[in-house]
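In: build me a model from this:
(one chain, ligands or ions: 2)
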Amino acid sequence: MNECSDSAGVRLRVAVPTPQHSGLGSPLDYRHPEGVPPGSLVRVPLGRREVLGVVWDPTDDDTEGVPPAALKPVQAALNLPPLSEEWRRLVAFTAAYYQRGLGEMAASALPAPLANLTPEQLARRLKKLRPVGAAEPASGLAPTLQADQAVAVDALKQQLVGVAPVKPSLLWGLTGSGKTEVYLQAAATALAQGRQVLVLVPEINLTPQLVARFAARFGAERVACLHSGLTPAQRLRDWLRAHLGQADVVLGTRLAVLASLPRLGLVVVDEEHDPSFKAQDGARQSARDLAVWRAARLGVPVVLGSATPSLETWHNAQSGRYQRLDLRSRIDAAPLPDVRLVDMKRLPARAGELNRASPVLAPTLQHAIEARLARGEQSLLLLNRRGYAPVLHCGQCSWRSGCPHCSAWRVFHKGDRSLRCHHCGFSERVPVACPDCGNPDIDAIGRGTERLEEQLQALLPQARIARLDADTTQRAGSLEAQLAAVHAGEVDVLVGTQMIAKGHDFRRVTLVAALSPDNLLYSSDFRAPERLFALLIQAAGRAGRAGSASGHPAEMWVQSHQVEHPLYQALKRHDYPAFAQAQLDERRSAGLPPFMHLALLRADSRDETGAQAFLMAAAAAGRALSGESDLFWYPAVPHPVAKVANQWRWQMLVEASHRGVLQRVLAQWLPALHALRPQHRSVTRWAIDVDPQAI
Ligand SMILES: Nc1ncnc2c1ncn2[C@@H]1O[C@H](COP(=O)(O)OP(=O)(O)OP(=O)(O)O)[C@@H](O)[C@H]1O
Ligand SMILES: [Zn+2]
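Out: Ligands and ions are numbered 1, 2, ... in the order given. Below you'll find the model as predicted:
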């Protein structure tokens with residue numbers, strides 16, 4: 001406990017959520033009559049408020065500074081076991097690595113309601129929790145493993161029981177190869193050792209089946225969930241169950257990586273390539289990378305599972321830093337779907353087709369869907385754009401449905417007759433005539449899922465067609481209901497955005513088609529091909545999972561104007577390693593991750609030039625700081641969508657060949673940026689994004 005005490009009590013360092021712009025990041029000093037151990041949760045005054053803080057470890061020079069009598073007092077200590085040293089180290093690392101304040105980081109890792117509960121309210125919540133030791137026995141039976149699965153489970157068990165050295169594992173498994181079963185059986189071993197298991201998934205609401213499978217195997221009583229879809233009360237309850245060690249399996253999205261898990265023994269990151277593991281606000285931390293760090297520091301195994309690993313992870317496996325476990329066949333030897341590339345350049349332009357839009361379906365694809373219909377099989381059609389049409393256009397005066405607040409078009413939604421901006425949310429009723437010239441014939445240009453659904457209804461009048469996208473799944477429970485309808489066979493053709501491609505274990509789907517993925521191929525972001533390849537492999541993975549009852553092979557169709565593109569050619573062969581190697585070669589010669597390390601400084605301003613000016617001043621300050629160290633400062637550029645909600649967005653990349661060098665310079669740069677801010681009054685926001693995932 002704390003050395004520094006006098007008659008007024010003990011001095012405690014407490015991590016409190018100081019606002020980021022204050023430039024204060026370290027714990028503040030408070031006074032407590034007799035002291036409490038590090039990790040204790042306390043309520044303390046901060047300015048005029050009272051906030052929740054975490055008692056931090058004392059530093060060596062704690063005997064110096066203000067005597068306790070002169071400090072503000074701790075108001076109350078919550079009656080909870082302290083957060084472990086392991087947790088504090090994780091939070092401290094996260095704050096330092098992602099350049100955030102420690103108190104802010106600690107606060108973001110705690111469930112929000114904890115900050116407002118009185119000790120009495122907390123005591124009542126705790127009483128309602130199941131007492132420790134009353135776990136129901138596991139109920140679900142495990143299937144016999146396939147050969148590849150058995151090898152993978154065995155390798156993980158050896159690490160768990162200490163026979164093999166602990167090392168991160170990449171579980172590279174085809175879609176439908178039974179990765180989840182590997183997680184379940186490795187988890188069973190960890191649970192048998194009395195350890196907790198953390199399972200991270202990209203979007204938990206898209207995979208209710210995964211939660212159900214863990215609950216069925218180990219008993220719902222032992223499973224806790226942590227994700228943003230929960231009510232604050234549910235999140236508090238499950239966080240407490242994890243922290244108190246009552247829950248043995250914690251399943252969650254990226255925020256769960258910072259959960260308090262006193263007995264953590266195994267970490268699983270499912271679909272580790274998914275960009276949603278990287279937070280897009282706050283500290284912008286990568287849950288996958290933190291999961292690996294956390295497991296390594298604890299000396300426990302971590303499994304990263306994917307059919308299309310991120311190139312960072314693949315590179316780590318190639319170089320031997322990670323152990324690779326491969327699942328090379330699908331369950332029950334179900335074959336992977338045949339990939340058909342349809343060359344849209346060769347399709348005759350259809351006379352009379354409005355607005356030069358290409359036909360919805362190539363005739364060959366339409367026939368293939370009709371054949372599925374006749375056999376009672378399902379088809380999934382993927383179109384990565386929601387709404388009816390991405391833009392409205394007046395042929396007379398060339399008015400377009402731009403957003404007045406953003407540099408983007410407003411999307412036409414026919415369902416509620418709105419023109420809606422997908423960036424700022426600005427929405428208006430669709431005009432009956434051109435707002436500029438009064439022409440009553442406004443054209444809808446291009447196609448979104450809503451229009452696709454309408455066009456399919458005309459093309460396939462006998463089919464039961466459903467649509468799944470952010471617009472049809474807004475109401476609570478509607479996603480689950482729609483997925484259940486697909487599983488029950490009440491839908492013949494499911495149309496949707498990438499939501500339909502992820503994770504679902506559909507049993508009757510034998511055809512998947514990507515209708516116009518080319519637009520995802522060309523983007524300023526160097527990760528665009530990696531993302532598209534993963535999306536298409538995932539989508540293909542939804543087809544033919546139950547083998548083929550009819551004897552007809554499952555198929556993945558891609559309509560493209562670029563069928564010769566190496567990405568599509570690798571897809572045709574289901575050849576992830578070849579694709580990854582080609583991408584890594586390109587990354588190496590271009591000096592991009594994983595061979596180089598990046599940080600991105602973003603700034604928003606109210607006027608057109610303010611953000612750019614701030615970034616230029618920031619670069620000058622950074623260059624002066626970094627001196628001889630080998631950093632490369634890219635020029636500041638506008639964000640691909642330069643203006644959103646009347647804010648002009650700019651960004652600037654900093655590149656280094658060593659993580660450590662980048663970290664050192666960033667830590668010195670941050671105070672310089674805070675100091676610059678007052679000279680750039682139009683800048684409303686700025687942030688550093690370490691290891692940015694979207695550029
Ligand atoms: N050894 C096994 N024997 C029989 N069935 C199995 C076995 N392993 C897994 N399965 C079943 O096979 C199906 C696919 O497995 P699972 O969902 O684990 O695959 P996956 O690799 O996680 O798939 P995806 O990455 O496509 O989501 C599931 O219905 C699962 O219950
Ligand atoms: Zn807008």
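In: what does the chain have sitting close to ligand 1?
Out: When proximity is defined by Cβ under 6 Å from any ligand atom, the chain lies next to ligand 1 at 143-146, 149, 173, 175-181, 307, 331, 503, 505, 541. Bear in mind the C-beta positions are built from the backbone N, C-alpha and C, glycine included.
In: tell me the buried residues within the residues you listed.
Out: The neighbour-count test (16 or more other Cβ atoms under 10 Å) marks 145-146, 149, 173, 175-181, 307, 331, 503, 505, 541 as buried among the residues of the chain next to ligand 1.
In: so what's Arg420 bridging to?
Out: Beta-bridge partners recorded for Arg420 (DSSP bridges): Val411, Ser427.
In: can you list contacts of stretch 104-115?
Out: The contact list for stretch 104-115, computed with Cβ atoms under 8 Å, 6 or more residues apart in numbering, reads 15-20, 25, 41, 51-54, 78, 91, 94-95, 98, 122, 232-233, 235-236, 239, 255, 258-259, 282-283.
In: quick check: ChimeraX command selecting the buried ones in the residues you listed.
Out: In ChimeraX syntax, the buried subset of the contacts of stretch 104-115 is picked out as below (16+ other Cβ under 10 Å):
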select :15,16,17,18,20,25,41,51,52,53,54,78,91,94,95,98,122,235,236,239,255,258,259,283
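In: pairing partners for whatever helix or strand Val339 lives in, with directions?
Out: Using DSSP states H and E, Val339 sits in strand 338-343. Strands flanking strand 338-343 in the sheet, each with its direction: strand 555-560 (parallel) (DSSP bridges).
In: about what we covered before: in strands, which of the contacts of stretch 104-115 fall?
Out: Among the contacts of stretch 104-115, the ones falling in strands (DSSP state E) are 15, 41, 51-54.
In: need the worst-confidence member of the buried ones among the residues of the chain next to ligand 1.
Out: Among these, Gly503 carries the lowest pLDDT, at 75.
In: so where is the chain shaky, pLDDT-wise?
Out: Counting by pLDDT under 70, the chain contains low-confidence residues at 1-7, 19-24, 61-65, 130-140, 205-207, 349-358, 548-550.
In: residues in it within reach of ligand 2, list them.
Out: 403, 405-406, 421, 423-424, 426 (Cβ under 5 Å from the ion).
In: please indicate which of those residues has the highest neighbour count?
Out: Cys403 (24 neighbours; other Cβ atoms under 10 Å).
In: ok, now which ones touch the spatially closest residue to that one that is not a sequence neighbour?
Out: Among residues not flanking Cys403 along the chain, Cys421 sits closest, at 4.0 Å (Cβ to Cβ, 6 or more residues apart in numbering). When contacts are counted by Cβ under 8 Å, 6+ apart, Cys421 touches 403, 405-406, 408, 410-411, 427.
In: what's the answer for Pro262, then?
Out: 81, 84, 196, 243, 245 are the contacts of Pro262 under Cβ under 8 Å, 6+ apart.
In: what about the last one, neighbour count?
Out: Just to be clear, that refers to Gly245. The number of residues packed near Gly245 is 15, by other Cβ under 10 Å.
In: that's a strand at Val269, yeah?
Out: Yes. Counting by DSSP: H, G, I helix; E, B strand; the rest coil, Val269 is part of a strand.
In: dig out what it forms beta bridges with.
Out: For Val269, the beta-bridge partners under DSSP bridges are Leu200, Leu304.
In: ok, it - how many residues close by?
Out: Neighbours around Val269, by other Cβ under 10 Å: 31.
In: and if you look at Glu655?
Out: Using other Cβ under 10 Å: Glu655 sits among 17 other residues.
In: so Gly9 makes contact with His32?
Out: Yes. Between Gly9 and His32 there is a contact at 5.4 Å, judged by Cβ atoms under 8 Å.
In: name the residues contacting each of the two.
Out: Pro73.
In: neighbour-wise, which of the two wins?
Out: Neighbour count, other Cβ under 10 Å: between Gly9 and His32, His32 has more, with 24 against 20.
In: could you pull up the residues touching that one?
Out: His32 neighbours (Cβ under 8 Å, 6+ apart): 9-10, 12, 42, 73-74, 77.
In: grab the nearest non-local neighbour of it.
Out: Leaving aside its sequence neighbours, His32 sits nearest to Val74 (Cβ to Cβ, 6+ apart; 4.5 Å).
In: report the contact partners of the one you found.
Out: Counted by Cβ under 8 Å, 6+ apart, Val74 has contacts 12, 14, 30-32, 36, 42-44.
In: give the contact list for the nearest residue to Leu226 once chain neighbours are set aside.
Out: Among residues not flanking Leu226 along the chain, Gly252 sits closest, at 3.5 Å (Cβ to Cβ, 6+ apart). Neighbouring residues of Gly252 by Cβ under 8 Å, 6+ apart: 198-201, 204, 225-227, 259.
In: for ligand 1, what's its nearest residue on the stretch 201-350 of the chain.
Out: Residue nearest to ligand 1 within the stretch 201-350 of the chain: Ile331 (3.8 Å; Cβ to the nearest ligand atom).
In: phi, psi of that residue?
Out: phi -60, psi 140 (degrees, to the nearest 10).
In: ok, which stretches of the stretch 1-150 of the chain are helices?
Out: Along the stretch 1-150 of the chain, the stretches classed as helices by DSSP state H, counting those that start in this stretch are 85-97, 102-108, 119-128, 147-160.
In: return the member of the contacts of His32 nearest to ligand 2.
Out: The nearest member of these to ligand 2, counting by Cβ to the ion, is Val42 at 43.0 Å.
In: pretty sure that closest one is touching Asn79, no?
Out: No. Checked against Cβ under 8 Å, the pair Val42 and Asn79 is beyond contact range at 11.1 Å.
In: looking at those two, which is more packed in?
Out: Per other Cβ under 10 Å, whichever of Val42 and Asn79 has more neighbours is Val42, with 20 against 12.
In: sec struct for the most centrally placed residue in the chain, please.
Out: When Cα atoms, centre = their mean is applied to the chain, the residue found nearest the centroid is Ser276 (1.2 Å). The three-state assignment at Ser276 reads helix, by three-state DSSP.
In: pull the contacting residues for it.
Out: By Cβ under 8 Å, 6+ apart, the neighbours of Ser276 are 202-203, 253-254.
In: the same query, at a cut-off of 10 Å, please.
Out: Neighbouring residues of Ser276 by Cβ atoms under 10 Å, 6 or more residues apart in numbering: 201-203, 206, 253-254, 287, 502, 693.
In: determine which two of these are furthest apart.
Out: By the measure Cβ to Cβ, Leu206 and Gln693 form the most distant pair in these, at 18.8 Å.
In: residue in the stretch 151-300 of the chain nearest to ligand 2?
Out: Going by Cβ to the ion, ligand 2 is nearest to Gln280 of the stretch 151-300 of the chain, at 17.6 Å.
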